[in-house]
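Peer 1: Need coordinates for the below:
(one chain, ligands or ions: 1)
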Amino acid sequence: MEKRISGKTGLLGLIGTPVDHSKSPVMYNYSFEKLDLDYAYLAFDITVEKVPDAIAAMKTFKMRGANVTMPCKSEVVKYMDELSPAARIIGAVNTIVNDNGKLTGHITDGVGFIRNLKEHGVEVKDKKVTIMGAGGAATAIQVQFALDGAREISIFNIKDAFYEKAEKTVENIKKEVPECVVSLYDLNDTERLNAEIASSDILVNGTLVGMHPNEEQTIIKDTSVFKKDLVVADVVYNPKKTKLMEDAEAVGCKTVGGLGMLLWQGAEAFKLYTELEMPVEEVQELYFK
Ligand code: NAD
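Peer 2: Numbering: from 1, shown residues only. Predicted structure coming up:
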């Protein structure tokens, strides 16, 4: 690394808190070195209150860009000069590109999720999808499904604070992508959930249920809802294979885990910064196995 850094090296980074566990610095620095790009990437621990300073510093240091993680994803929106369609609809940004002082905010979580599905041979156009969850990850996926031509989206969430967020998302999708049929239901309405899954091509867990240390948990208790041609995807990546996925695989469903979404959302951001493809296979082998 020290041989790579010069007086001309461009800076990129991650902002949010906590950031010390992030795979982004190793993933991007490896890719810059591999493609002989004169950039370096660091993680900056930034609270919401420090967002204005961080944005000013990005401009002062002429940083090429930054990834944004919790809790800063919504806060940075108001400092962007432009937003991608998905970032505008969702009201959150995970990738900032700095073009000579003009900041454009993107959100690559949904794009990454759908790219990962494609890598597993799953197309989303004209499909019906049931998505459990309405937090950050689930909302990004819901909006991207609509933008990418899904026929119907059924959203389920428990009646917590995220339910209201889901009502907003439904409104936004109806306004921005009127041809997509989108509905919201209470996750505790098991009968309705089972009926929507029965008529879906893809089922997504977009909640944190099943995440370490609660690996034994799954929302779907009645595994008779899994039919062979249903694709079951999870946003949870720790563990790599969730209980939901194990149960679905046991009856022959194709399953897709959350680690690929993490990888591909990073690869999409890399392309926005550099206009080049990240060496995904090697990055996956080194850091996402
Ligand atoms: P969030 O806090 O924004 O949303 C949490 C969601 O879980 C909400 O919909 C909430 O209603 C639901 N929920 C919480 N407890 C529940 C329960 N007991 N039963 C049913 N639903 C419940 O979280 P987030 O940032 O969207 O993250 C959700 C999961 O996705 C986490 O496991 C996170 O690690 C993972 N994630 C993965 C990626 C990726 O790239 N694969 C990216 C972001 C998040």
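
Peer 1: Would you mind measuring the gap between the ends of stretch 42-57?
Peer 2: In stretch 42-57, first residue to last residue: 14 Å (C-alpha to C-alpha, to the nearest Å).

Peer 1: and what of stretch 156-167?
Peer 2: End-to-end distance for stretch 156-167: 11 Å, by C-alpha to C-alpha.

Peer 1: ok, and for it, which residues are buried?
Peer 2: For stretch 156-167, the neighbour count (16 or more other C-beta atoms under 10 Å) marks 156-158, 162-163, 165-166 as buried. Where C-beta positions appear, they are placed from N, C-alpha and C, glycine not excepted.

Peer 1: Return only those of these found close to the ligand.
Peer 2: Restricting the buried residues of stretch 156-167 to those near the ligand by C-beta under 6 Å from any ligand atom leaves 157-158, 162.

Peer 1: contacting residues around the residue most central in space within the chain?
Peer 2: Note on the chain: the residue nearest the mean C-alpha position is Asp109, at 2.2 Å, using C-alpha atoms, centre = their mean. By C-beta atoms under 8 Å, 6 or more residues apart in numbering, the contact list for Asp109 reads 94, 136-137, 140-141, 144, 261, 265.

Peer 1: make it 7 Å
Peer 2: Shown in contact with Asp109 (C-beta atoms under 7 Å, 6 or more residues apart in numbering): 94, 137, 140, 265.

Peer 1: can you check Leu83 too?
Peer 2: By C-beta under 7 Å, 6+ apart, the contact set of Leu83 is 77, 105.

Peer 1: Out of the buried residues of stretch 156-167, which comes closest to the ligand?
Peer 2: Nearest to the ligand out of the buried residues of stretch 156-167 is Phe162 (C-beta to the nearest ligand atom; 3.9 Å).

Peer 1: The closest one and Glu171, how far apart?
Peer 2: Counting by C-beta to C-beta, to the nearest Å, the gap from Phe162 to Glu171 is 15 Å.

Peer 1: And for Val26?
Peer 2: 39 Å.

Peer 1: Which single residue in the stretch 1-150 of the chain comes nearest to the ligand?
Peer 2: Counting by C-beta to the nearest ligand atom, the stretch 1-150 of the chain gets nearest to the ligand through Gly135 (1.8 Å).

Peer 1: which element is the closest residue in space to that residue that isn't next to it in sequence on?
Peer 2: Among residues not flanking Gly135 along the chain, Phe162 sits closest, at 5.4 Å (C-beta to C-beta, 6 or more residues apart in numbering). If you go by DSSP states H and E, Phe162 is part of helix 161-176.
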